[in-house]
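Student: what's the 3D shape of this:
(one chain, ligands or ions: 1)
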Amino acid sequence: MLAAMHPAGEFYGIDMMPAHIDHARCLATEAKLPNATFHAIDFGAVADLKLPRFDYIVVRRVYTWVNAQVRADLRSFIDLHLKPDGLVYLSYNALPGRAADLPLQRLVRALGESFDGNSIERVAAALKIVHSVRDLRFRHSRRVPCSPASIRQRTIMLRPISPMSFWRRTGSR
Ligand SMILES: C[S@@+](CC[C@H](N)C(=O)[O-])C[C@H]1O[C@@H](n2cnc3c(N)ncnc32)[C@H](O)[C@@H]1O
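Tutor: Okay, here's the model as predicted:
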């Protein structure tokens, strides 16, 4: 949207997930935006891209999700690529604002610990149980943060990034 509104500006999007980058490229192609470029790459490797210096750097919904090394990579990127009078927008999920996410996150993590496999497989197995409990529609479940509606909304929101959201601990697979 910013690229469409500011045709004289140059916009770059970076994320290591190819699916996210493919989606962004499709949107930019459909909207005929030659001024938006996307890279599927780890923040730790962006130095190889030879990007310009930026007036604005937006780090949205990333800093809370990643480990100390990736946070350091992001800060290095900002040090290298922000113009001296540039601005950074960095969002961070803090309590109590995100407290409603915690019951589901803890439930999925606890259930997932009992399965083998990588984080994607464990989250998928745990969500299967959560959904089957949701489908039982206990009366009590309507009054707690893990209500069917809440689970539906939060799992839809978290599906593309769920392993990161549920297993954000250093060293997790
Ligand atoms: C919660 S999502 C947010 C996505 C997007 N920024 C948004 O606001 O919708 C976190 C994103 O961080 C990306 N990410 C995590 N670690 C990364 C890394 N080391 N290098 C590049 N991207 C990373 C993930 O692929 C994921 O898409």
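Student: Please list the residues of the chain that sit near the ligand.
Tutor: 15-17, 20, 42-43, 60-62, 65-66, 70, 161 (C-beta under 6 Å from any ligand atom). Heads up, the C-betas are built off the backbone N, CA and C, glycines and all.
Student: Throw those into a markdown table and include pLDDT and distance to residue 5, thanks.
Tutor: A markdown table is the format used below for the residues of the chain next to the ligand (pLDDT from 0 to 100; distance: C-beta to C-beta, whole Å):
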| residue | pLDDT | distance to residue 5 |
| --- | --- | --- |
| 15 | 96 | 21 |
| 16 | 95 | 27 |
| 17 | 94 | 25 |
| 20 | 94 | 21 |
| 42 | 95 | 29 |
| 43 | 95 | 26 |
| 60 | 93 | 17 |
| 61 | 89 | 21 |
| 62 | 94 | 23 |
| 65 | 87 | 28 |
| 66 | 92 | 29 |
| 70 | 95 | 30 |
| 161 | 55 | 26 |
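Student: Most neighbours among those residues, please name it.
Tutor: Of all the residues of the chain next to the ligand, the highest neighbour tally under other C-beta atoms under 10 Å goes to residue 43, namely 21 neighbours.
Student: if I pick that one, what's in contact with it?
Tutor: Remark: with contacts taken as C-beta atoms under 8 Å, 6 or more residues apart in numbering, residue 43 is in contact with 14, 16, 70, 73-74, 77.
Student: Out of these, list just those in helices.
Tutor: Counting by DSSP state H, the part of those found in helices is 70, 73-74, 77.
Student: how deep is the closest residue to residue 62 other than its chain neighbours tucked in, by neighbour count?
Tutor: Take residue 62 and drop its neighbours on the chain: the residue closest to it by C-beta to C-beta, 6 or more residues apart in numbering is residue 74, 7.1 Å away. By other C-beta under 10 Å, the residues close to residue 74 number 20.
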